[in-house]
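Peer 1: Sharing a model that was predicted from the sequence below.
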Amino acid sequence: MSEKTVRLTMAQALVRYLCNQYTVIDGERVQLFAGVFGIFGHGNVTCLSEALEQVQDQLPTWRGQNEQSMALAAVGFAKAKLRRQIMVAATSVGPGATNMITAAGVAHANRLPVLLLAGDTYVNRLPDPVLQQVEHFGSPSTTVNDGFRCVSRFWDRIVHPAQILSSLPQAISTMLDPADCGPAFIGLPQDIQEIAYDYPESFFVEKTWTIPRPRPSRDEVVEAVELLKTAKKPLIISGGGVRYSGANVLLADFAVRRSIPITETIAGKGAIVHDHPANVGAMGIEGTEAARELAETADVIIAVGTRMQDFTTGSWTTFSKEAKFLNINAARFDASKHFAVPVVGDAVECLTEIDEALGDWTCDAAQMERAKKLYAEWNELLDEGQAPTNAAVPSYAQVIGIVNKMAKPEDTMVTAAGGLPGETAKNWRVKAPNTYDLEFGFSCMGYEIAGGWGHAMAKAGNGVPIIMLGDGSYMMMNSDIYSTVLTGHKMIVVVCDNGGFGVINRLQTNMGVPGFNNLLKDSRVLDKENVPHVDFVAHARAMGAEARHCDSLADLEAAMEWAQGTDRTTVLSITSDAYTWTPGGAGWYVGVPEINERESIRKAREGQEAFRAKQRRGV
């Protein structure tokens with residue numbers, strides 16, 4: 001007896017398959033693919049859009065303003081959903097597709113699932129060269145979509161309609177694999193989208209996916225326990241994997257019972273609240289002084305769910321060269337870094353088995369007492385930095401203090417690039433778990449507003465995303481303010497206008513180079529004495545948002561209260577200081593010219609050489 005089939009175009013079959021995939025979140029069965037961000041054009045408007053139009057009530061399509069920003073919104077959605085639900089981003093061929101490559105890099109660096117569907121040129125090549133085709137003379141099968149290969153965990157191009165039978169399940173398996181999670185890219189040639197094929201009905205049977213929780217090797221657990229029992233001054237680094245595994249409560253309980261302080265990576269910040277008794281704050285270059293002092297004296301570092309980026313490790317200068325690492329990670333690649341004792345598996349499973357095997361072992365309570373003292377001193381420093389002063393313009397710390405004070409526990413702070421990542425990592429006091437999103441895996445300027453749109457979708461009214469960004473990031477990508485007005489996904493956007501790229505100016509001048517091409521006043525402009533001011537309020541209102549400029553911290557506090565009550569996306573702008581920064585944190589390995597006649601650069605080079613001498617050597 002032959003298998004029953006249904007005749008559909010490839011595009012129709014792809015969409016029908018996506019509609020029949022489900023997952024379970026907090027006991028509720030929901031669609032795995034929550035929707036599609038789409039911009040239609042040459043390459044997807046005649047076939048893929050036809051298929052999506054038929055299912056718009058089940059799989060909603062949201063119109064973006066820019067292909068990069070809508071894919072970034074999908075990234076923000078995935079992060080807000082803790083990788084349990086996925087958005088699709090669909091574009092036309094050519095520039096529409098290449099616009100998404102940056103967003104794919106963000107998803108790849110941050111290990112986040114996004115399904116990217118881009119139109120492609122014709123497999124039959126009969127009309128070549130077609131509109132938006134980039135020709136490669138010696139490689140006719142190469143298209144711009146090959147550019148996604150280096151920023152995708154799964155990459156495919158469908159050149160026959162039957163290929164989606166194997167490609168789509170493999171793409172989903174990759175996106176849901178904790179060890180291999182990241183963006184999946186599928187190129188859709190225009191002539192293949194239209195072709196009808198007899199697909200087996202079994203391909204469209206509803207499927208409920210579960211995210212695997214791999215258990216660790218018994219031998220790795222034994223070795224981990226042996227190492228831990230030698231520790232006198234252990235320290236936990238809580239990474240993003242803790243949040244995605246749902247290991248927040250388990251790790252916090254483990255830390256308290258074993259008297260081990262917890263530091264957080266940038267991706268891990270928010271797994272526990274700011275005032276948790278084991279918390280000592282952010283780790284690394286933009287971290288707390290408490291975390292730095294504890295890291296420098298730690299003998300065993302338990303790194304859970306982190307890829308150990310340079311901002312976490314201080315370019316590998318933060319730790320003693322004698323310190324031992326225990327890396328708990330779903331990805332063997334990350335677990336094996338820097339000669340660590342690896343424990344490969346899900347954070348919940350690994351911590352549970354290690355905890356059981358440790359028996360009644362606990363660290364000397366003095367380690368936790370020292371951590372609490374250092375963290376209390378750090379919080380006093382934050383209070384001082386956030387207190388109002390007579391300065392002409394407020395610092396980032398003061399602005400963050402007001403916004404943080406006025407944020408509701410369920411609101412999520414979103415930022416990505418410039419000075420606000422470091423300032424929020426230090427100053428933002430998380431009130432509820434999983435309400436802080438700093439995209440610093442790729443540090444993508446422009447993520448803030450777009451990612452906030454994804455968060456607003458995911459939150460579905462349970463709190464509001466509060467987007468904090470500088471004038472530089474705002475100018476780079478702001479069109480999704482309009483998207484949120486169109487779709488009714490409210491967020492609050494706080495623009496700190498410090499006159500250009502403030503934090504990169506700090507790095508430049510700290511390394512001995514005079515301010516150049518970062519702050520607007522140091523750039524090649526027509527009139528440096530009268531640099532035109534961007535009216536962010538007028539601009540936001542032109543896109544349909546509510547908006548208000550704040551002349552002081554008191555104005556900002558009142559505006560935040562007002563913004564919480566508006567019925568749409570609301571933008572607040574405030575002039576901020578480009579030169580005042582919260583102290584603390586580790587150093588950073590940066591390039592400084594080895595040869596230069598400028599004394600300031602020679603001194604910076606000497607400082608870098610002394611700093612690099614502290615680096616651990618490893619892989």
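Peer 2: Right, received. Where do you want to start? None of these values were measured; they are calculated from a predicted model.
Peer 1: got the domain boundaries for the chain?
Peer 2: The chain is divided into the following domains under automatic domain parsing: 5-209, 218-377, 387-575.
Peer 1: Can I get the ones you listed in CSV including mean pLDDT and mean neighbour count?
Peer 2: For the C-beta atoms, the positions are set from N, CA and C on the backbone; glycine is no exception. Listed next are those as CSV, based on pLDDT from 0 to 100; neighbours: other CB atoms under 10 Å:
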stretch, mean pLDDT, mean neighbour count
domain 5-209, 97, 20
domain 218-377, 97, 21
domain 387-575, 96, 20
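Peer 1: Output the ones you listed as TSV; include the columns distance to Val592.
Peer 2: Below are the domains of the chain laid out as TSV (distance: least, CB to CB, whole Å):
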stretch	distance to Val592
domain 5-209	25
domain 218-377	13
domain 387-575	5
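Peer 1: Okay, Ala252 and Ile262: tell me how far apart.
Peer 2: Applying CB to CB, to the nearest Å, the value for Ala252 to Ile262 is 7 Å.
Peer 1: cool, and Gly35?
Peer 2: Distance, Gly35 to Ile262, using CB to CB: 35 Å.
Peer 1: before we move on, back to that, so which of the domains of the chain comes closest to Asn596?
Peer 2: For Asn596, the closest of the domains of the chain is domain 387-575, at 7.7 Å, according to CB to CB.
Peer 1: can you give me the end-to-end distance of the closest one?
Peer 2: End-to-end distance for domain 387-575: 17 Å, by CA to CA, to the nearest Å.
Peer 1: Where do the helices of the stretch 451-600 of the chain begin and end?
Peer 2: Along the stretch 451-600 of the chain, counting by DSSP state H, counting those that start in this stretch, helices occupy 471-476, 480-487, 502-510, 536-542, 553-564, 599-612.
Peer 1: Could you do the stretch 251-400 of the chain as well?
Peer 2: Under DSSP H, counting those that start in this stretch, the stretch 251-400 of the chain gives helices at 289-297, 310-313, 332-335, 347-358, 365-386, 396-406.
Peer 1: Which stretch among those approaches Leu572 most closely?
Peer 2: Checking the helices of the stretch 251-400 of the chain against Leu572 by CB to CB gives helix 396-406 as the closest, at 8.7 Å.
Peer 1: Name the strands paired with the following helix or strand past that closest one and say parallel or antiparallel.
Peer 2: Downstream of helix 396-406, the first helix or strand assigned by DSSP states H and E is strand 412-415. Strand partners for strand 412-415, identified by DSSP bridges, are recorded as strand 436-438 (parallel), strand 465-470 (parallel).
Peer 1: With distance to Ile266 added, can I get the ones you listed in JSON lines?
Peer 2: Putting those into JSON lines (distance: least, CB to CB, whole Å) gives the following:
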{"stretch": "strand 436-438", "distance to Ile266": "5"}
{"stretch": "strand 465-470", "distance to Ile266": "14"}
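Peer 1: Quick check: end-to-end length of stretch 436-455?
Peer 2: Stretch 436-455 stretches 11 Å from its first residue to its last (CA to CA).
Peer 1: and the gap between Ala460 and Ala545?
Peer 2: Distance of Ala460 to Ala545, given as CB to CB: 20 Å.
Peer 1: Quick check, central residue of the chain?
Peer 2: The residue lying closest to the centre of the chain (CA atoms, centre = their mean) is Glu439, at 3.3 Å.
Peer 1: Pull the contacting residues for Glu423.
Peer 2: 286, 396-397, 400, 581-582 (CB atoms under 8 Å, 6 or more residues apart in numbering).
Peer 1: Return the member of these nearest to Gly565.
Peer 2: The closest of the contacts of Glu423 to Gly565 turns out to be Ile400 (CB to CB; 21.4 Å).
Peer 1: my guess is that closest one meets Arg429, correct?
Peer 2: No - applying CB atoms under 8 Å, one finds Ile400 not in contact with Arg429, separated by 9.3 Å.
Peer 1: Now do the same for Tyr197: helix, strand or coil?
Peer 2: strand (DSSP: H, G, I helix; E, B strand; the rest coil).
Peer 1: does it really touch Ala13, like I thought?
Peer 2: Yes - contact criterion CB under 8 Å: Tyr197 and Ala13 qualify, at 7.0 Å.
Peer 1: Now do the shared contacts for those two.
Peer 2: Pro161.
Peer 1: Quick check: neighbours shared by Ala252 and Ile262?
Peer 2: Residues touching both Ala252 and Ile262 (CB under 8 Å, 6+ apart): 272, 276, 278.
Peer 1: so who does the second one touch?
Peer 2: This means His276. So His276 contacts 252, 262 (CB under 8 Å, 6+ apart).
Peer 1: sorry, back to before: give me the spatial nearest neighbour of the residue nearest to the centre of the chain, chain neighbours excluded.
Peer 2: Ala416 (4.1 Å; CB to CB, 6 or more residues apart in numbering).
Peer 1: Just confirm that neighbour contacts Leu438, I think it does.
Peer 2: Yes - counting by CB under 8 Å, Leu438 is a contact partner of Ala416 at 6.8 Å.
Peer 1: out of the helices of the stretch 251-400 of the chain, which comes closest to Trp209?
Peer 2: Nearest of the helices of the stretch 251-400 of the chain (CB to CB): helix 347-358, 18.2 Å.
Peer 1: which helices and strands sit right next to the closest one?
Peer 2: The helices and strands touching helix 347-358, judged by 3 or more CB pairs under 8 Å, 6 or more residues apart in numbering; DSSP states H and E, are helix 218-228, helix 240-245, helix 248-258, strand 300-304, strand 324-329.
Peer 1: 7 Å instead?
Peer 2: helix 218-228, helix 240-245, helix 248-258, strand 324-329 (3 or more CB pairs under 7 Å, 6 or more residues apart in numbering; DSSP states H and E).
Peer 1: how distant is the second one from the center of its chain?
Peer 2: Averaging C-alpha positions (CA atoms, centre = their mean, to the nearest Å) puts helix 240-245 12 Å from its chain's average.
Peer 1: Other residues contacting it?
Peer 2: Here helix 240-245 makes contact (CB atoms under 7 Å, 6 or more residues apart in numbering) with 82-83, 178, 248, 251, 265, 267-268, 270-271, 304-306, 329-330, 346-348, 434.
Peer 1: CA atoms only for that helix - export them in CSV, please.
Peer 2: Written as CSV, here are the backbone C-alpha positions of helix 240-245 (Å, rounded to 0.1, in the frame of the first residue of the first chain):
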residue,chain,number,x,y,z
GLY,A,240,24.0,32.5,29.9
GLY,A,241,23.7,28.7,29.9
VAL,A,242,22.4,28.8,33.5
ARG,A,243,19.5,30.9,32.3
TYR,A,244,18.7,28.8,29.3
SER,A,245,18.9,25.5,31.2
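Peer 1: Quickly note the distance from the closest residue to Arg258 other than its chain neighbours to Phe254.
Peer 2: If you skip the residues right next to it in sequence, Arg258 has Thr362 as its closest partner in space, 5.1 Å away by CB to CB, 6+ apart. For Thr362, the distance to Phe254 (CB to CB) stands at 11 Å.
Peer 1: That'll do, ta.
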